[in-house]
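Asker: What shape does this take:
(one chain, ligands or ions: 1)
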Amino acid sequence: MKPLIIGNWKMHGSLAKNAALLQAIVAHCDAQKADWVVCPPFPYLSQAQSMLEDTGIAWGAQTVSAFSQGAFTGQVDASMLLDFGVSFVIVGHSERRHGLGESNIYVADSAKLVIEHGMNAILCVGETLVQKEAGQLETVLQEQLLSALKQIAPENAKNLVIAYEPVWAIGTGKTASQEDILKAHTLIKNILKEKDANFYNSVRILYGGSVKPDNASQILTILYVDGLLIGGASLDPQAFSEIGQCKPSF
Ligand code: 13P
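Answerer: Here you go, the predicted structure:
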C-alpha cells in the first residue's frame, strides 16, 4: 500500500509563495509512489483547488468547527469546506488542543462532522513531554482516541486517519525514536482493535513530528506506520517530495 503523505502548512503562505510551492509539488510528487495531501490555511483552499484539481494530489483544511452553520464568529463549517473540494481535514492538532484549548469532546465532534460530510478526518493524538515522563502515554492515547471513536460509526472507518504526533517532537527537531513510534502505534492499533475490527483494518496511522528527508524512509519502515504528517518540511517542495519517496532529486 502506498504511504499517505500529508503536508500541514500551518499559518504560512501567500498567494505568490503558494503558487510556486503548489507548482513544484505537482511537478515532483509522484502519485504512483504515495497518496499526497496538502493543507494550506483556509483563505488559500480555493487556490489549492484550482491548482491541484485533476493532478492526483488532494488538499485539506487544518481544522473545522465542531458546530454546524450558525452564529459562530470566525469559525468554518464542514459543509463550507466541501464547496472548495476539500477531502481531508486535520482535527485536534496539538497546536489547537494545547494552544487554543480544544477539548477531546470538541475534537471528537469536529471529526464526526467531517466524516458525516463524506470527508476524511485526520485525528491528531499525542502526549506532551510531561505526560511522557510521567508514563501517561497509554492513558492519553486512550482518552484522545476513545472520545473520538465513540462518535464515528465503524462502517466509516476508512474515512478516519490517525496522526500520532508526540507534542515534544513537533517543530523541535527531536524526532521520536523507532521504539517510541512503534510503542505508540502499537498502542493505537490495540485500541482500534478493541473498539471494532473495521477500525483495526481500515484506519491509517501516520507519524508526525520533525520528519525530514533524512529520517522519513526509516520511519516509514516501522510496523503500523502508514504515512507521515509533515509540518516544516512540507513548505520545501524538494524535501516534501523526497519524504514521500517520489523523485529523489530535482
Ligand atoms: P514539524 O514537521 O514541523 O515538526 O510539524 C509536525 C506537525 O505538527 C505536523 O502537523
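Asker: center of this protein, which residue is that?
Answerer: Per C-alpha atoms, centre = their mean, the C-alpha nearest to the average position across the chain is that of I122, at 4.5 Å.
Asker: wait, what's in contact with the residue of the chain found nearest the ligand?
Answerer: Nearest residue of the chain to the ligand (C-beta to the nearest ligand atom) works out as G231 at 2.2 Å. Backbone N, C-alpha and C define where each C-beta goes, glycine included. Neighbour list for G231: N8, K10, I170, G171, G208 [criterion: C-beta atoms under 8 Å, 6 or more residues apart in numbering].
Asker: mind running it again at 7 Å?
Answerer: N8, K10, I170, G171 (C-beta atoms under 7 Å, 6 or more residues apart in numbering).
Asker: Show the pLDDT at it.
Answerer: Per-residue confidence for G231 comes out at a pLDDT of 98.
Asker: How much space separates it from G173?
Answerer: 11 Å (C-beta to C-beta, to the nearest Å).
Asker: do the same with H117
Answerer: Relative to G173, and taking C-beta to C-beta, H117 is found at 36 Å.
Asker: Can you pick out the residue with more neighbours from these two?
Answerer: H117 (19 against 9; other C-beta atoms under 10 Å).
Asker: So that one sits against A78, correct?
Answerer: Yes: using C-beta atoms under 7 Å, H117 is in contact with A78, at 4.4 Å.
Asker: I'd assumed E165 was in contact with the residue nearest to the centre of the chain.
Answerer: No: with contacts counted by C-beta under 7 Å, I122 stays clear of E165, the gap being 10.2 Å.
Asker: Show me the longest helix that occurs in the chain.
Answerer: Longest helix in the chain by number of residues, with DSSP state H as the criterion: helix 178-195.
Asker: so where's the chain uncertain?
Answerer: Along the chain, the model assigns pLDDT under 70 to residues 246-250.
Asker: Residues of it that sit close to the ligand?
Answerer: Counting by C-beta under 6 Å from any ligand atom, the chain comes close to the ligand at 8, 93, 165, 170-171, 208-211, 229-233.
Asker: Output those residues as TSV; include the columns secondary structure.
Answerer: Listed next are the residues of the chain next to the ligand as TSV, based on DSSP: H, G, I helix; E, B strand; the rest coil:
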residue	secondary structure
N8	strand
H93	coil
E165	coil
I170	coil
G171	coil
G208	strand
G209	coil
S210	coil
V211	coil
L229	strand
I230	strand
G231	coil
G232	helix
A233	helix
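Asker: Weed out the non-buried ones from these.
Answerer: Listed as buried from the residues of the chain next to the ligand are 8, 93, 165, 170, 208-211, 229-233; burial here means 16 or more other C-beta atoms under 10 Å.
Asker: Can you point out the helix or strand that includes the residue of the chain positioned farthest from its centre?
Answerer: When distances are taken from the C-alpha mean of the chain, A71 lies farthest, 27.8 Å away, according to C-alpha atoms, centre = their mean. Using DSSP states H and E, A71 maps to neither a helix nor a strand.
Asker: Measure how buried the closest residue in space to Q47 that isn't next to it in sequence is and give me the count.
Answerer: Closest residue to Q47 apart from its sequence neighbours, by C-beta to C-beta, 6 or more residues apart in numbering: N18 at 5.7 Å. Neighbour count for N18, taken as other C-beta under 10 Å: 22.
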